[in-house]
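Undergrad: my questions concern the predicted model and sequence given below.
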Amino acid sequence: MYPLKPPAVYVHEAVDGEPRHRRRVQRVMEALAEPYEPIIYSDDDLPRMIEEDGLLGDSRAMGEMDEVPDPILLFNTFRFDGWRTRRVEALGAQIEAALGESLAASLLGYRPWHWANYNLPGDSAADDKVCRPCWRLHFQRGCAHKCAYCGLGGLLISAVNVEDYCDNLARLIDAHPWQETYLLEDDADVPGLEPELGCLGEIIEFFGALQSRYLIIHTKSWNTDWMSDLQHNGNTIIVWSISADTQSREIEPVCGTTEERIEAARIAQEAGYHVRYKFKPIIPVRNWRDEASAAIDLLFGRTSPDVISLCVFMWHDVEAMKRKLPVEVL
């Protein structure tokens, strides 16, 4: 697990009241860089936690901050009771701060996955992509990686009721036999709290017991060697976001250097996982072509990926880029 020093640790009463869930949180607490007394909360406490305690942290991109703290940790449970809309609207009505629907749903435990209507009616960006519609999986929201261009710091929300998650995911998969791959995650980097949290391994082994269904884990993390002994049965694909040396060290701290990520991929491949890479995002720092060539030599020297994809630096205009990135290294 990452050696984190969160400003605070919040534990929902539903987690504290279930021994199995509480043990997961206790293992994470014991692995933190210093002792913490968790704050037990209920749904009714959320407006106060947001408005008075600063629960949502700093929502700016981390490159815009003088100092980037580790995220607040919040542990809750996923709910599958059909009350998402009513509870999310009720939370929004209680607070003045702008709170997006997806963040409110994550705080309340109502975003285990979402339907991505890519290229279907209602997709406002259908003319600008070739993505296929699919169910996208989530287990956390937030990240500890401190990448300069990212705004997912400040708060890391993690559910702990992985058994309920997998039971309901099985029903989702049965209802959609046409979908064979399920991507986890685009709102977080889930290996960061593992193996102490004890949830990602359960999801990997859940997919390992299925036929012709595959889990894709998208990560930048170096923290994956603990996956080696899991019963994945070849049904998990791990995609590393890879970057060249300067970018990995100066723009993406905590993730792991280029070499550390490739070494993590080597260990995973030796354990039977499918390994892929995505150069994402490609940021043209000085000497980036030579550094990218060195990264390519290294990844082919140590691993045999079945796919390499490319993703340029995007989602920002020029002025936003200047605020977030160390322009002097470009």
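TA: Perfect, thanks for sending it. Residues are numbered from 1 along each chain as shown.
Undergrad: specify the local secondary structure of W115.
TA: Classification of W115 using DSSP: H, G, I helix; E, B strand; the rest coil returns strand.
Undergrad: separation between it and L91?
TA: 22 Å (C-beta to C-beta, to the nearest Å). Yep, even glycine has a C-beta here, placed from its N, CA and C like the rest.
Undergrad: which of those two has more neighbours?
TA: L91 (20 against 12; other C-beta atoms under 10 Å).
Undergrad: which element is that one on?
TA: helix 84-94 (DSSP states H and E).
Undergrad: try R141
TA: strand 140-141.
Undergrad: after that strand, which helix or strand is next?
TA: strand 155-159.
Undergrad: export the helix or strand that that following strand is followed by as CSV, just CAs?
TA: Tracing the chain past strand 155-159, the next element assigned as helix or strand by DSSP H and E is helix 162-175. The C-alpha atoms that make up helix 162-175 are tabulated as CSV, following Å, rounded to 0.1, in the frame of the first residue of the first chain:
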residue,chain,number,x,y,z
VAL,A,162,-16.8,-6.1,-2.4
GLU,A,163,-18.9,-9.2,-1.9
ASP,A,164,-22.2,-7.2,-2.5
TYR,A,165,-20.4,-5.6,-5.5
CYS,A,166,-19.6,-8.9,-7.1
ASP,A,167,-23.0,-10.4,-6.5
ASN,A,168,-24.7,-7.4,-8.3
LEU,A,169,-22.0,-7.3,-11.0
ALA,A,170,-22.8,-10.9,-11.8
ARG,A,171,-26.4,-9.9,-12.5
LEU,A,172,-25.3,-7.0,-14.6
ILE,A,173,-23.0,-9.3,-16.7
ASP,A,174,-25.7,-11.9,-17.1
ALA,A,175,-28.1,-9.2,-18.4
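Undergrad: pLDDT (mean, whole number) over the longest strand seen in the chain?
TA: Secondary structure of the chain read by DSSP state E shows that its longest strand is strand 274-282. Per-residue pLDDT values across strand 274-282 average out to 97.
Undergrad: give me the helices and strands touching that strand, please.
TA: Judged by 3 or more C-beta pairs under 8 Å, 6 or more residues apart in numbering; DSSP states H and E, strand 274-282 is in contact with strand 236-242, helix 258-270, helix 288-302, strand 307-312.
Undergrad: thinking again about what came up before, from the contact counts, what lies against the strand holding R141?
TA: Checking 3+ C-beta pairs under 8 Å, 6+ apart, strand 140-141 ends up next to strand 155-159.
Undergrad: the inter-axis angle of the strand it packs on versus helix 162-175?
TA: For strand 155-159 against helix 162-175, the angle by axes from the mean of the first three to the mean of the last three C-alpha atoms, to 10 degrees is 80 degrees.
Undergrad: contacting residues for the residue nearest the centre of the chain?
TA: By C-alpha atoms, centre = their mean, the chain has its centre lying nearest to A188, at 1.6 Å. For A188, the contact set (C-beta atoms under 8 Å, 6 or more residues apart in numbering) comprises 138-143, 152, 156.
Undergrad: list just the nearest of those to L103.
TA: Set against L103, the nearest of the contacts of A188 by C-beta to C-beta is R141 (7.2 Å).
Undergrad: return the distance of that closest one relative to D66.
TA: According to C-beta to C-beta, R141 and D66 sit 25 Å apart.
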